[in-house]
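# Using only what follows, build the 3D model:
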Amino acid sequence: MNIVTIIGARPQFIKAAVVSRNIHQHNLEASPGNQIVEYIVHTGQHYDSNMSDVFFEEMDLPKPDVFLGIHQLSHGAMTGRMLEDIENVLLSEKPDAVLVYGDTNSTLAGALASVKLHIPVVHVEAGLRSFNRKMPEEHNRVLTDHVSNLLFCPTQTAVRNLENEGIKSKSDQPYRYPQIHLVGDVMYDASLFYAKQADIKATVGQRIITDTLHGKPFALFTLHRAENTDSIETLTSIIRAIESLSEKMPVVWPAHPRTLSKIKEFSISITKKNIFQIPPVGYFDMIALLDHCKIVLTDSGGLQKEAFYFKKNCITLRKETEWIELAEHGFNKIAGTEVNDIQFSFQQMMEQKPDFSLNLYGDGNAGKKIVSILAKNVKE
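The predicted structure is shown next:
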């Protein structure tokens, strides 16, 4: 079976590393006729070395066979360029299926290019919904799900979301009808597999933890979503809230280049000395920061789950989340973006002690299950 994998953003590199590792293991054990040949396309959506190259190096992710170099464009222009270039790759490679991850422009472009050529689409992390149609990611994930043939869901909630939209497993022939599989979360696989290596391979994170903060408790903060960064009022409100919280606890901030660009564009000042702004970090550095922090504040979907995996309370700087089970069980507080609401949520979550023994995202074998199902569904 020949598959083309489309990736382009940080979370996708991590997820793809899990599945690619399991593809390699499958091929070591499978007969020649049942092996999976993977061809990796990197769109370039995240192109900075700290946002891209470091993940391939750290996680032993196979180097991309093609790098498209498409970035720094509007959503429409970026998706359109990707669609055209991915189509050319698919016409050349003629894969049996195309594998996409998550909810980025790379995800949607890969799915649309495939379905136009009648190539089956495999969507890892299918069924997630924030129910906020102002988010570009929401449109990407909904549209991708509705053209996908194999849909791999991380939670039962994701399965229900698909079924509520009329997407149901109708047959054991996924290339004629959709087929939904509840496999768990590949990010959980990654956290289990790579956590043991983090203390050895982390560099920036460890320097901040030991040399700068000398082991003191700190809050980990990230911010990158367009609905937060593209509004001067919203971005200013979040920054002022973080400044206020930094008076109570040091804040470590791996800053996304796009967010910094907007801060500069809007002339937003950051004066507090207790905010330690660092460049984007690799996966092992992020794991080290997660492992040692006291609490997480983020607008990232992936980091909400990673906080849970490392038994840390999380404050989500949005009005909704795709991972509603985290909020329902008290691991996550949906704070929004107003200063007072963020401050109040911080106070609440610093006192809250939820039961982190709950199993919400599978057994750590999502990647193995995905590859096993792929191997059984060679195109007829």
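# Now do the same contact list for residue 113.
82, 83, 86, 87, 90, 98 (C-beta atoms under 8 Å, 6 or more residues apart in numbering). Glycine gets a C-beta too; all of them are placed from N, C-alpha and C.
# er, residue 348 actually
Residue 348 makes contact with residue 333 under the criterion C-beta under 8 Å, 6+ apart.
# Among the contacts of residue 113, which one lies nearest to residue 276?
Within the contacts of residue 113, proximity to residue 276 (C-beta to C-beta) peaks at residue 82, which comes in at 35.0 Å.
# chain center to the helix or strand hosting that closest one: distance?
Counting by DSSP states H and E, the element that carries residue 82 is helix 75-93. Counting by C-alpha atoms, centre = their mean, to the nearest Å, helix 75-93 is centred 21 Å from the centre of its parent chain.
# contacting residues around that helix?
Helix 75-93 is contacted from outside by 2, 4, 6, 8, 39, 41, 43, 45, 66, 68, 70-71, 73, 98, 105-106, 108-110, 112-114, 116-117, 119, 136, using C-beta under 8 Å, 6+ apart.
# wouldn't residue 257 be in contact with residue 229 here?
No - contact criterion C-beta atoms under 8 Å: residue 257 and residue 229 do not qualify, at 10.8 Å.
# So those two - more neighbours on which side?
residue 229 (22 against 16; other C-beta atoms under 10 Å).
# That one touches residue 236, doesn't it?
No - using C-beta under 8 Å, residue 229 is not in contact with residue 236; the gap is 10.9 Å.
# ok, back up a step: in ChimeraX, how would I select the buried members of the contacts of residue 113?
A single ChimeraX command is used to select the members of the contacts of residue 113 judged buried by 16 or more other C-beta atoms under 10 Å:
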select :82,83,86,87,90,98
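# for the helix or strand hosting residue 374, which positions count as buried?
Assessed by DSSP H and E, residue 374 sits inside helix 366-376. Within helix 366-376, the residues scored as buried using 16+ other C-beta under 10 Å are 366, 367, 368, 369, 370, 371, 373, 374, 375.
# Serialize the residues you listed to JSON lines and add fields for pLDDT and distance to residue 351.
Output for the buried residues of helix 366-376, formatted as JSON lines (pLDDT from 0 to 100; distance: C-beta to C-beta, whole Å):
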{"residue": "366", "pLDDT": "98", "distance to residue 351": "33"}
{"residue": "367", "pLDDT": "98", "distance to residue 351": "36"}
{"residue": "368", "pLDDT": "97", "distance to residue 351": "39"}
{"residue": "369", "pLDDT": "98", "distance to residue 351": "38"}
{"residue": "370", "pLDDT": "98", "distance to residue 351": "39"}
{"residue": "371", "pLDDT": "97", "distance to residue 351": "42"}
{"residue": "373", "pLDDT": "94", "distance to residue 351": "43"}
{"residue": "374", "pLDDT": "94", "distance to residue 351": "45"}
{"residue": "375", "pLDDT": "92", "distance to residue 351": "48"}
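# which one among the contacts of residue 113 gets closest to residue 282?
Closest approach to residue 282 among the contacts of residue 113 (C-beta to C-beta): residue 82, at 24.4 Å.
# nearest residue to the closest one other than its sequence neighbours?
In space, and not counting its chain neighbours, residue 82 is closest to residue 109: 3.5 Å by C-beta to C-beta, 6 or more residues apart in numbering.
# Mind checking what helix or strand follows the particular helix or strand that has that neighbour in it in sequence?
Using DSSP H and E, residue 109 sits within helix 105-116. Per DSSP H and E, the first helix or strand lying C-terminal to helix 105-116 is strand 121-124.
# contacting residues around residue 366?
Neighbouring residues of residue 366 by C-beta under 8 Å, 6+ apart: 18, 152, 154, 183, 184, 185, 186, 188, 189.
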